[in-house]
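Sequence plus predicted model, see below.
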Amino acid sequence: MANNVCGVVQLVVDKLGFEKSRSFKGVSASTVENLSQDLIVSLRLVASAEAKHFTNDDQFRHFRDFLFYFSKDLDDYIELVKSGLEHVNPSDLETFISKITDSLTLVRQHCHALSLEAIGPDDQSPLLDQIPQSRPEKEEAFFFGPPQKEIRELLLQESIEFPVISLHGMGGMGKTTLAGALYNDADVRRSFQAFAWVNCARREFYAITVVKSILGQLLPRQKKVVAGLSFLDSTRMLYRLQQKVKCLIVICDVRTRENWRNMRVAFPLRDETRTQILITTRIEEVAADCRQNGKLYGMRQLDDEQSNRLFHKIAGGTTNLIPHHVDKLRKEILSRCGGSPLAITIAAGYWNCITKKDDTTFDPNKMFDEINLHRDETADPERSLRSILHLCYSNLPLRLKACFLYLGQLTRSDRSEILVDEIYLRWISEGLVVISEDESANTTKTDIAENYLLELARRNMVRLNGEELVKSSQIHPLVRDFCVDQGEKEKLFEVVAGRGFATAVIPKSLASGLTIEMNAYCEDRAAVPAVFTHGDGNSRCSSLYFVDTVEPVVDYAAADWRRVEVFEVKEFMRRVLRVVEFDGVDFRLWKLPKGMGNLVFLRYLSFRRCHLEEIPSSLKNLSELRILDLRVRGQCRVTIPDFLSKFVKIERLYFPAKYRSGADHGRLNMHGLTEVEILVNFDTKVCYTDHLKGMKKLQRFDVVVEDDHKELDKVVDFVDEVVSTARFSLDVRNFTCYSDERISVLKKMLVCESLRKLQLEGHIKKFPDDVVGIMLANIEEIVLDGSELKVDPMQRLGKLSKLKSLDMRNDAFIGKEMVCHGSDFPNLKSFKLVNFCYLEKWTVEPEAMPKVSTLWIEKCSKLSSTPAGRFEFAHNIINELNIVC
């Protein structure tokens, strides 16, 4: 728990320095300063005790726990005073602080009696700003050798010799990495017609969920049909599809023999099939079962030479240490990795950290002691990985430790990848990101959170997905398990697995956060629903997360279910709860808590991916909200009461894709929201455009405008004049350019330098001549729908150097021929043509579109030939090729 104590204390110290002039009015500056210094000394004593292994001393544990909970209470107090919702007498506060200071002094005397000295916990490794990011997955693939080549040859065969190819080995041995390398191989992609990738690592396994997920990926345009199928119907549909279409299906991390046997009825393993199934598993019995219908490959540990080569390829770089220390340390670290590619990858990140220290201050004996502290004597690669993770985690700066562990709560066993925006939201809402006094005036919490994530990636503890712009991050399942176990040990959070509608009592816990996996749709749920109830006395829990992990498997309306509240709001929650998130919860089955409106100190409220159609008006009392996320499931049209103007402290506001105003007078009032930094899905038909004028801090602005050129003109003027540096996304619907006034607005929109994403629906005939050379200078994504352009748009769009995605549909061009010249679309990755009635010829010259990885052509009936052959020997990987003319 010591790491979490230090992290919490450090955050409070930062806040004391940053907030003291505003949050401690009436309290003498010396009192606040003394408290801050006492906390710093106490923090360093805890770090010293951890280093000297005195953490089992009873009095020390009492001191540590006292320090932790006092710091949490002080953090709550700072937020309470900042909110202004409750009055605190300054003299009472000064007396309280003095008593706490005296208590800290007495306990520290005992620590000194144990010969503990205050060492700086942040003497650990600094942020590695100058270390380049590696791509460990590419380096690991170098060592797969003969198995990869042999499996690749099997996949490239016209006929299916072995329907099932299974990869067996312990966690961290590279099974998923190898499967991913084969799945994304350019030649392999061209050999199959449809693709699916599923993960079976969730705690609760349901064969119907896996079958539907595979079927939905193979038939992406029939997902709604698939969602309504029974297990029997979906199994039949998948079985027959595999006999007609050549499919590549990857099933990762099959945990039990029963799981495989329950789902294999959906695959024609003994009949004629055109499907190749690639399975990864840690379980020998599963691999043996799979072998009956295919071929088995075991993933073995790397030998010493391979381990050294992999370590060198990932770590690289220079070191400040003398060669003798370098060689000895490297051998010692590699000996702890057990030949596991994942352990070696993470150890290489640790190596980059310790070898950047100055040789004059580097103590090799201390470093060897640290390495030996986390030594595991067994030959089990998974335990070796865990010991390496402990070593790397202990070396993290304090501010990163809690951030890293929270990734275990953010990800799930069946979803290791998560959008970076979700990571930033959670870290910020949990108070893990603080802007210190030495930060520049323009630094935002998002900037700091981004630096934290990049630092974890440099240490190879997480993997980032994306190139110029990082979009998502993922962690290995074994790393997630470590984060969850350590997070619960450190009392950061606790994960509670529900069982459908069976009563799940949140245990009495001192954890800061609780995650409840609801599993509302599990097949063996109780007949009568029961509410989640909260254990008595859990006054330390500041965050509640309710997660539904699976899609519905039955028609909820056909069952006689009564809706019940998700949890009961109790009085102590009113003061301590700061974060409440519902992720994927179906509110046709559950009720929102009646007392939600009483959680007046709530800072973060999310209904991401939920089924919810109406927001209760009682939420108007949540005046402390900083983040409100209403991005529910796409089919829901949400009614929002007219209370947004009360959220004057809101910084991030995410509207749903479809919503309407619950206001009596029409649109939603957003006047006075001057702190907003991110505004998503702002709809000019539902919200007042004039209320945008005060939002001068906007960094991201996504707006929808439908058939109203005057509103569009206002939006573009606002972006150009007020928030020109914001990332601007524009969805213009039912917009036609039959008048000079509309053409003028179109010109203004096309030359807006902040515009990053444009979706334009409606007739425009041509791009205005006077803006052609300067239009869409920073655009990254374009969707043109029904534009009816008469001149080949490739001449203009091909020159957009930052364009990555182009989607043209429904006669966006009504000419007969398109030509992409040699230098066109230098950074384009995705190109889609759908429903072109007049296009007869499309020519793509050899040097055009060098980076395209997705090509989709559909319903172009007159197109005599396609340029698909142009990409046959491209250096890039065609991840998706779909041509249906």
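Okay, I see it. Residues are numbered from 1 along each chain as shown.

mind saving the C-alpha coords of whichever strand or helix holds Val705 as PDB?
Element membership of Val705 [criterion: DSSP states H and E] is strand 700-706. Taking C-alpha atoms only, strand 700-706 is exported to PDB below (Å, rounded to 0.1, in the frame of the first residue of the first chain):
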ATOM      1  CA  ARG A 700     -12.100  20.200 -29.500                       C
ATOM      2  CA  PHE A 701     -15.400  21.100 -31.200                       C
ATOM      3  CA  ASP A 702     -17.600  18.600 -33.000                       C
ATOM      4  CA  VAL A 703     -20.800  20.100 -34.400                       C
ATOM      5  CA  VAL A 704     -23.800  19.000 -36.400                       C
ATOM      6  CA  VAL A 705     -25.700  21.400 -38.700                       C
ATOM      7  CA  GLU A 706     -28.700  20.400 -40.700                       C
END
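
tilt between whichever helix or strand comes after it and strand 700-706?
Next helix or strand after strand 700-706 toward the C-terminus (DSSP H and E): helix 709-721. If you take axes from the mean of the first three to the mean of the last three Cα atoms, to 10 degrees, helix 709-721 sits at 160 degrees to strand 700-706.

next helix or strand past helix 709-721?
strand 727-733.

just checking, what packs against the next helix or strand after that following strand?
Using DSSP H and E, the helix or strand that follows strand 727-733 in sequence is helix 740-750. Taking 3 or more Cβ pairs under 8 Å, 6 or more residues apart in numbering; DSSP states H and E as contact, the helices and strands that helix 740-750 lies on are helix 709-721. Glycine gets a C-beta too; all of them are placed from N, C-alpha and C.

who's in contact with the helix it packs on?
Helix 709-721 has contacts (Cβ atoms under 8 Å, 6 or more residues apart in numbering) with 684, 689-690, 692-693, 701, 703, 705, 726, 728, 730, 732, 735, 741-742, 745, 748-749, 752, 754-755.

just to revisit the earlier point, any residues touching the strand holding Val705, and which ones?
Identification of contacts with strand 700-706 by Cβ under 8 Å, 6+ apart yields 677-685, 711-712, 715, 719, 723, 726-735, 757.

Please name the strands paired to it in the sheet, noting orientation.
strand 678-683 (parallel), strand 727-733 (parallel) (DSSP bridges).

Switch the ones you listed over to JSON lines; also include distance to Thr235.
Output for these, formatted as JSON lines (distance: least, Cβ to Cβ, whole Å):
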{"stretch": "strand 678-683", "distance to Thr235": "38"}
{"stretch": "strand 727-733", "distance to Thr235": "39"}
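
Can you tell me which of those is nearest to Leu178?
Proximity to Leu178 (Cβ to Cβ) singles out strand 727-733 among the strands paired with strand 700-706, at 36.8 Å.

Report the mean per-residue pLDDT for that closest one.
The pLDDT scores in strand 727-733 average 93.

Taking helix 740-750 as reference, get the angle to it.
Orientation of strand 727-733 against helix 740-750 (the same axes, to 10 degrees) gives an angle of 150 degrees.

Okay, strands next: where are they in the stretch 101-250 of the chain?
Secondary structure of the stretch 101-250 of the chain (DSSP state E, counting those that start in this stretch): strands at 164-168, 194-199, 247-252.

can you redo these as JSON lines with mean neighbour count and distance to Gln474?
Shown next, in JSON lines, are those (neighbours: other Cβ atoms under 10 Å; distance: least, Cβ to Cβ, whole Å):
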{"stretch": "strand 164-168", "mean neighbour count": "24", "distance to Gln474": "19"}
{"stretch": "strand 194-199", "mean neighbour count": "19", "distance to Gln474": "11"}
{"stretch": "strand 247-252", "mean neighbour count": "23", "distance to Gln474": "12"}
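
for the residue nearest to His671 when sequence neighbours are not counted, what are its contacts?
In space, His671 comes closest to His691 once its chain neighbours are excluded; the distance is 4.8 Å by Cβ to Cβ, 6 or more residues apart in numbering. Neighbouring residues of His691 by Cβ under 8 Å, 6+ apart: 669-671, 673.
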